[in-house]
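Novice: Below is the sequence, then the predicted model.
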Amino acid sequence: MSIIRVPPASPYGAFLVGLHTHLWSWLRLGFCMLALWPLSSSLQAESPRVIRIATGEYPPFASEADPKFNLINTIVTEAFAQSKLKVEFDFFPWARTYKEALSGKYDATSYWYKSPDRKAHFYFSEVIVESPTYFFHLRSRPLQWNTLNDLAGKQISVTRGYTYSTEFIQAGSDGLFTLHWTNSDTQNLKMLLSGRTEIFPMELYPAYHLFKTLNPAQTELLTYHPKPLVESTGHLLFPKKLKNSKRLLSRFNAGLAKLKKSGRLEQILSTMQTQDSSSQASPSQ
């Protein structure tokens, strides 16, 4: 009977077997990581990010001082929330707000009306709000106007950074009437009440909110002409120089559409109509 002798295991052979085993382990791990990578990327793409927005003080539409009068920015926040995107607002004087957004430091700016200059540099969202601008004046100084020529010789307060019609600004530049530029609506209201200016163009609800700073006797002095200077639509603006702007614009518009369909947009804007009636000036006849 022959005896079969098993040769002793070679240390080199054991090394190769171990190496082979480890290689297969690493390869399997690599395949698993590759398989999970699309899912990981998808989750990362859907993870919340902060959208930085430049804005300014303009209650009841935009306000850092009182969140109850931050209606447009509330709409912007809720529209982005539909895409799981968070929003952060930085407040500046309006002229600086525009410059900050134009430089590309912010993802968007809230909120603005259309103008040729802005169209050249920004993408406009769908309409958030419609808000006409009227000429406010003292009841003691009646105003009748149908065309800008009817304003010849008038002293008119205007606020830097705001949108007025191109024709209105051009007529002022041509000397048809005098435009007094200031940095705030409060300054312009004081000029109007003191008689230094005769006309102050403002949107209705921001004017009503501003009148809350007056006493009832002062409010009674004010009225506005029922013919609007301009009927504007408010939009969120996205800088064209930022490559992500079109994608954010699409997401915002989709979220805004959802708010409109659900009735939430109307619900938010309806709070403007709950202003104290004592702060509302009636239109002139």
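Specialist: Arrived safely, thanks for sending. Numbers count the residues shown, from 1 in each chain.
Novice: got any ranges where the stretch 51-200 of the chain has weak pLDDT?
Specialist: When the per-residue scores of the stretch 51-200 of the chain are filtered using pLDDT under 70, no range remains.
Novice: residue boundaries of the helices in it?
Specialist: Applying DSSP state H, counting those that start in this stretch to the stretch 51-200 of the chain gives helices spanning 71-81, 94-102, 116-121, 166-173, 185-194.
Novice: Let me know which of these is tucked in deepest.
Specialist: Highest mean neighbour count of the helices of the stretch 51-200 of the chain: helix 71-81, a mean of 22 (counted as mean count of other C-beta atoms under 10 Å). Glycine gets a C-beta too; all of them are placed from N, C-alpha and C.
Novice: What is that helix packed up against?
Specialist: If you count contacts as 3 or more C-beta pairs under 8 Å, 6 or more residues apart in numbering; DSSP states H and E, helix 71-81 packs onto strand 50-55, strand 86-91, strand 108-112, helix 245-262, helix 264-269.
Novice: Spatially central residue for the protein, please.
Specialist: For the chain, the residue sitting closest to the mean C-alpha position, by C-alpha atoms, centre = their mean, is residue 110 at 1.9 Å.
Novice: Settle this for me: it is touching residue 89, isn't it.
Specialist: Yes - between residue 110 and residue 89 there is a contact at 7.4 Å, judged by C-beta atoms under 8 Å.
Novice: Turn the helices and strands packed on helix 71-81 into CSV, columns for distance to residue 77.
Specialist: As requested, the helices and strands packed on helix 71-81 are arranged in CSV below (distance: least, C-beta to C-beta, whole Å):
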stretch, distance to residue 77
strand 50-55, 9
strand 86-91, 5
strand 108-112, 10
helix 245-262, 10
helix 264-269, 10
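Novice: which stretch among these comes nearest residue 76?
Specialist: Smallest distance to residue 76 across the helices and strands packed on helix 71-81 (C-beta to C-beta): 5.3 Å, for strand 108-112.
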